[in-house]
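1. attaching a predicted model along with its sequence, questions to come.
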Amino acid sequence: MERNALKSHLKNMLGPDKVLTEDLDLLYYSYDSSFLTKLQMVSPDVVVLPRSTEDVQKVMQFAFEHRIPVTPRGAGTGETGGSAPLSGGIVLDLSAWDEIVEVDAANMQVTVRPGVIHSDLNDHLAAYNMFFPPDPGSSKMCTIGGMVANNASGLRAVKYGCTEQYVLGLEVVLPDGRVITTGGMKSKAIKNVSGLNLTKLFVGSEGVLGVITRIRLRCFPKPKSRGIVMAVFDNLDDAPATVLEVYREGILPSGIEILDSSAIRAVNAFKPHINLPDAEAILLFEVDGNPPSVEWEGTTIVKIAEKRARQVEWSTEPKRMAALWEGRSVTAAAAARVRPDGSRIFAGEDIAVPLSGVAEALRRIRALGEKHGIQVVNYGHIGDGNVHTAPVIDPENPAEVEKVMELVHDIHLLAIELQGTTTGEHGVGAVRREYARLEHGPAVDVMQSIKKALDPYNIMNPGKLF
Amino acid sequence: MELQQFPLVKDQLKKCVRCGRCRTVCPIFAEIRNETVAPRGHVFMVQALRDNKVLPEKQVYDRLSNCLLCETCSINCPSGIDIHELNKAARSFIYKKNPSMVKDLFLDRVWTNPTLMRLGGLALWTFNKSGLQKAARSLGLTKLLPGDLSQAEQIMQDVPRRSARSILPEINPPRGEKKLRVGYFLGCGTDLFSPSVAVATVKVLTSLGCEVIIPRDMKCCGLPHAANGKIDSARDLMIQNLKVFNSLNLDYIVTDCGSCSSALSEESLKLLLVDQGYDEEIEKFCSRLYDLNKFLLEVLEISPRELSSLDMKVTYHDPCHLAKAQGIRREPREILRMIPGLELVEMEDSERCCGGSGTFSMTHYDLSMKVLGKKMDSIARTGANVIATCCPSCTMQLKHGTNLYGYAAPVKHPVELLAESGTQFRQQ
């Protein structure tokens, strides 16, 4: 369909307030937080800001009829180009549709529209002494819709898992405009094994199967107490060995984070007052629960860590916990500061490997950085083997861009070689789809069959996922 | 200057990873809710301009102007980017290629000339008080004003008849023994719209042994010019101000306006006058510069003695340029707490922008009023009968808010309340 006709059709259909058509305005929808969208700038033909399921349904019926690509988008905080269009079409900006429809405290669940911000939801649930446990680093800006579409997790995944474990049901507008409710049309049950599990099919589908318009989430009771252990290691291998021993002792911390020597240097350069000890690795364990169990778990972790660590500290005092955690909380920002003329980029940033392979992964990523002449900072969720690598380059230097793309490719191949995955929690989007077959083999054919069954004209977020 | 030559464009632009943290803290984004007003969107647009992906046209300027320059994004940016400065640089770059005669006339001819400003103020006062404003409104004539001014003229409802400069002499002798010679940087907003603040400032300072000099040839701090794309004009104004104040043999320079003190800070001036050879002049000026609240507490070290009790419930609004740009939050509150009988009640989100932002409320009236609405809700929930703040632009906006929402509370600078309570202080 001709561009201007598309714009005027959608304006007439939804009203001018819900449609952006000026070329300049469309440019703002060419990016997310990925490095890819810094390198290429593809604008949609039109942006729609839906405020109801009917709005989305009308757009999808129209797009289906005219074979127009549709890219759903939350806050655009993703790192894979997943919410940026690759070939024009319609972008559905769902971020302003942020209604908390119902808190059903009696049934420990909440129903929201896709644009609710993660931290806003948890602030709201705190009044009911509940929380939605997945805890992404982007909590203050990412939307629940985006989290569901990418099956996001974060710092506390080691104990609480990923978003998929909390999604009880979804309302989805399919590519042809049909609206379905997964998890039972009227169900409020927490357990439900009736029928094929379509909820899990849509969670993490990155917008290639339909548009998520309502989300029913399971909530957990909010833990009463927290504690932090910091352990400093001179030998990198001692860090995963300690984690394993903590597990074997029967403890499942709510978070286990690692900073390797590159991250320690970055944090100290960024905020000298944090003054992290110079070491090969620092581990941070977070434990939560009722006060006696937190105390027992914390002190037991200390005893285990002391066998290998040079220095161990434990606290349940809020100010001290904040100080211990500060190094981790600034790492992402600190990475960019290791090089005054450089910038941290989001590429090759999210591999996950088996716990037994973490130390090797960290060492080999550092070696790959040296091989390609690129500075890297490593940190991540060691408890589930998820390593975040931050390459720091001058993004305006084409030679460095070329080198970093080679490095990123090598990091992805390394993840697969170590029996891991190219992405632990950020998703595939446009930047990792080339590894789909390497990771999944013939299963990709089945994925494509499912896609074709629901989206025969390939209009839903084309060019993403596989 | 080409866009890529602006220092922050050169150094900071590439550091933006578009994480989106700025979206959720931006008061404008909270109202418009689409990416075109997200602070990272402004950074993106600056980059697109620099790389010639978009042309420096008025429509780009208009997008960049959907920003209060309140600095909330900048202080929250994990990558440490001064987003507001990038925005100002881009506005200036575009404005040079798309100048406006009206803006040039107003900002370069009137705003830079204290006499014309005073006459303008008098004209506004006459317009208010003579009933002309009322008549013009009832005849619908104000609707003929360009753009948002047709509504924004309401903000200038209570323009005082006399400016501070016409009330206060150039040299204000100290009461009692002279201890310090203080230059008073009298901002345009305080001068024209809040002269009572200037009178209170002079009263308090002179009572504490300061000789207060109000140089007649000082100029605007240049912030309105920089915000409106006229960085060259802002430069000229500040060069003049440096010359004036540095030639006066002053012990200190004080201002009661948060926006002025932010524009006059060493960091801002060095950015504005980069590579112009003024570093020494700037250091001389800034080493003596103080926000009034800080000056009273840190230099004069005042503590209360025989202050009259003021039976009032006060809530304090943090001006963006004082709190976020300079980190001055404790001092105004400490001054308020010195006054016996005064109960200070904190509003929710006291640092949230009021939407005034200098000329923003004139150029984006509807949007500005939406931002103001949230602020007025926070104020109303405190039940305060006085609103305190340290910026004439915030004062005008909040006064307009009290009129719009029928909330009966005067808006005052802490120094006015201090002066009202009697000026018997003890210096440590």
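-> Structure received.

2. show me where the stretch 51-200 of chain B has its helices.
-> B:58-64, B:72-76, B:83-97, B:101-104, B:114-129, B:132-138, B:149-152, B:164-167, B:188-193, B:195-207 (DSSP state H, counting those that start in this stretch).

3. near chain B, which residues of the stretch 1-150 of chain A?
-> For the stretch 1-150 of chain A, the residues found near chain B under the criterion CB under 8 Å from any CB of the partner chain are A:20, A:22, A:24-25, A:27-29, A:31-33, A:37-38, A:41, A:47, A:49, A:75-77, A:93, A:95-96, A:117, A:138, A:140-142. The C-beta positions use only the backbone N, C-alpha and C, and glycine is treated the same way.

4. can you give me the domain assignment for chain A?
-> Per the record, chain A has its domains at A:3-94, A:100-221, A:225-333, A:339-440, by automatic domain parsing.

5. may I see the buried residues of the longest helix belonging to chain B?
-> Secondary structure of chain B per DSSP state H: the longest helix is helix B:365-382. By neighbour count, and taking 16 or more other CB atoms under 10 Å in any protein chain shown as the criterion, the buried residues in helix B:365-382 are B:365, B:367-372, B:374-376, B:378-380, B:382.

6. from the chain's centroid, how far away is that helix?
-> Using CA atoms, centre = their mean, to the nearest Å, the distance from the centre of helix B:365-382 to the centre of the chain it belongs to is 18 Å.

7. and for stretch B:159-167?
-> The gap between where stretch B:159-167 is centred and where its chain is centred comes out at 18 Å by CA atoms, centre = their mean.

8. try stretch A:447-454
-> Taking CA atoms, centre = their mean, one finds the center of stretch A:447-454 at 24 Å from the center of the full chain.

9. what is the mean pLDDT for it?
-> Looking at stretch A:447-454 alone, the average pLDDT works out to 98.

10. for it, buried residues please.
-> When burial is assessed from 16+ other CB under 10 Å, stretch A:447-454 yields the following buried residues: A:447, A:451, A:454.

11. ditto for stretch B:271-282
-> Under 16+ other CB under 10 Å, the buried positions of stretch B:271-282 are B:271-273, B:278, B:281-282.

12. reformat the residues you listed as a markdown table; add secondary structure and pLDDT.
-> As requested, these are exported to a markdown table (DSSP: H, G, I helix; E, B strand; the rest coil; pLDDT from 0 to 100):
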| residue | secondary structure | pLDDT |
| --- | --- | --- |
| B:Leu271 | helix | 95 |
| B:Leu272 | helix | 95 |
| B:Leu273 | coil | 95 |
| B:Tyr278 | coil | 97 |
| B:Glu281 | helix | 97 |
| B:Ile282 | helix | 98 |
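
13. nearest to B:Ala323, of the domains of chain A?
-> domain A:100-221 (19.9 Å; CB to CB).

14. ends of the closest one, how far apart?
-> This stretch, domain A:100-221, spans 18 Å end to end (CA to CA, to the nearest Å).

15. over to stretch A:69-81?
-> End-to-end distance for stretch A:69-81, by CA to CA: 15 Å.

16. what's the average pLDDT for stretch A:74-93?
-> Model confidence over stretch A:74-93 averages 97 on the pLDDT scale.

17. buried set for that stretch?
-> For stretch A:74-93, the buried set under the neighbour-count rule, 16+ other CB under 10 Å, comprises A:74-86, A:88-93.

18. got the residues of chain B near chain A?
-> For chain B, the residues found near chain A under the criterion CB under 8 Å from any CB are B:11, B:14-21, B:23-24, B:33-36, B:38, B:41, B:44-45, B:48, B:53-54, B:59-60, B:63, B:78-80.

19. what about the one residue in the stretch 201-350 of chain A that gets nearest to chain B, neighbour count?
-> Ranking the residues of the stretch 201-350 of chain A by distance to chain B (CB to the nearest CB) places A:Ala333 first, at 3.7 Å. Here the neighbour count serves as a burial measure; for A:Ala333 (other CB atoms under 10 Å in any protein chain shown) it reads 21.

20. which residues sit against the helix or strand containing it?
-> For A:Ala333, the host element (DSSP states H and E) is helix A:331-335. Counting contacts by CB atoms under 8 Å, 6 or more residues apart in numbering or on different chains, the residues outside helix A:331-335 that touch it are A:137, A:259, A:263, A:266-267, A:269-271, A:344, A:377, A:379, A:388, A:390, A:392, B:78-80.

21. among those residues, which are in helices?
-> When DSSP H is applied, those are split such that A:263, A:266-267, A:269-270 fall in helices.

22. for the stretch 151-300 of chain B, give me the ranges with low pLDDT.
-> Counting by pLDDT under 70, the stretch 151-300 of chain B contains low-confidence ranges at B:152, B:157.

23. could you rerun that using 90?
-> In the prediction, the stretch 151-300 of chain B carries residues with pLDDT under 90 at positions B:151-161.

24. list of residues touching whichever helix or strand B:Ala48 is part of?
-> Using DSSP H and E, the secondary-structure element containing B:Ala48 is helix B:39-50. Residues outside helix B:39-50 that contact it (CB under 8 Å, 6+ apart) are A:27-28, A:31, A:41, B:3-4, B:9, B:13, B:16, B:18-20, B:22-23, B:26, B:29, B:35, B:53-54, B:56, B:60, B:63-64, B:67, B:73, B:81, B:83, B:86-87, B:89-90, B:93-94.

25. which of the residues you listed are buried?
-> When the contacts of helix B:39-50 are checked against 16+ other CB under 10 Å, the ones flagged as buried are A:27-28, A:31, B:3, B:9, B:13, B:16, B:18-20, B:22-23, B:26, B:29, B:35, B:54, B:56, B:60, B:63-64, B:67, B:73, B:81, B:83, B:86-87, B:89-90, B:93-94.

26. mind jotting down where the strands sit in the stretch 251-400 of chain B?
-> Ranges of strands in the stretch 251-400 of chain B, per DSSP state E, counting those that start in this stretch, are B:252-255, B:289-291, B:302-304, B:312-316, B:342-344, B:386-388.

27. any chance of those in CSV, with mean neighbour count and distance to A:Asp384 too?
-> Rendered in CSV, the data for those read as follows (neighbours: other CB atoms under 10 Å in any protein chain shown; distance: least, CB to CB, whole Å):
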stretch, mean neighbour count, distance to A:Asp384
strand B:252-255, 24, 54
strand B:289-291, 22, 49
strand B:302-304, 16, 57
strand B:312-316, 21, 46
strand B:342-344, 18, 48
strand B:386-388, 24, 51
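
28. and these as CSV, adding distance to A:His440?
-> Supplementary listing: those in CSV, determined by distance: least, CB to CB, whole Å:
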stretch, distance to A:His440
strand B:252-255, 65
strand B:289-291, 61
strand B:302-304, 72
strand B:312-316, 59
strand B:342-344, 62
strand B:386-388, 62
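
29. those strands: which one's closest to B:Lys399?
-> When the strands of the stretch 251-400 of chain B are ranked by proximity to B:Lys399 (CB to CB), strand B:386-388 comes first, at 8.7 Å.

30. for the closest one, which strands pair with it and how are they oriented?
-> strand B:312-316 (parallel), strand B:411-412 (parallel) (DSSP bridges).

31. Throw those strands into a markdown table and include mean pLDDT, thanks.
-> What follows is the strands paired with strand B:386-388, written out as a markdown table (pLDDT from 0 to 100):
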| stretch | mean pLDDT |
| --- | --- |
| strand B:312-316 | 97 |
| strand B:411-412 | 98 |
